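K.L.:
Sequence and predicted structure, then a few things I'm wondering about:
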Amino acid sequence: MLEQLGYLTKVLAGVLVLILLGLASLELPSLSRPAGQWAVLLLAAASGLLGWVALGRLRRLDELQRQMHGRACQWALGFGLLALLAASALQTLGFSPPMHPLVLAGTLVAAWGVGLCITHHRLS
């Protein structure tokens, strides 16, 4: 139980960092040119570091955990594509304003979480 809580804490911390990076990127247009360039470099470095940490974590997972994450990614891709198709149809028909790219990213992260829950439930 304690191992699962630690793992969940690491996953949620990673998602929180992704959310914070996304929110920080929304402020880039309001910065002056020199500050904006440094902010872009800082955000790119933070994103690269997060990706490197995530890949290192993925390499240390056992085979069952890798399969669970792979299946969760499959669920996320399916849910994400359906959500994108629905949003595109609503925008084309004039029922919805243009969607911000962070909404799509948030949808993919949420769909990955749902896919991980579904996969865990099926294997339990």
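P.N.:
Thanks, I have it. Numbering: from 1, shown residues only.
K.L.:
What's the separation between the residue most central in space within the chain and Ser124?
P.N.:
Nearest to the mean C-alpha position of the chain, counting by CA atoms, centre = their mean, stands Val109 at 3.7 Å. Relative to Ser124, Val109 is positioned 23 Å away (CB to CB, to the nearest Å). Glycine gets a C-beta too; all of them are placed from N, C-alpha and C.
K.L.:
right, and the helix or strand after the longest helix belonging to the chain?
P.N.:
Under DSSP state H, the helix in the chain containing the largest number of residues is helix 63-92. Reading on from helix 63-92 to the C-terminus, the next helix or strand found by DSSP states H and E is helix 101-123.
K.L.:
what packs against that following helix?
P.N.:
For helix 101-123, the elements it packs on are helix 2-26, helix 63-92, judged by 3 or more CB pairs under 8 Å, 6 or more residues apart in numbering; DSSP states H and E.
K.L.:
Around Ser96, count how many other residues there are.
P.N.:
Here the neighbour count serves as a burial measure; for Ser96 (other CB atoms under 10 Å) it reads 13.
K.L.:
dump the residue contacts of it.
P.N.:
By CB atoms under 8 Å, 6 or more residues apart in numbering, the residues touching Ser96 are Ala87, Leu90.
K.L.:
Thanks a lot, see you next time.
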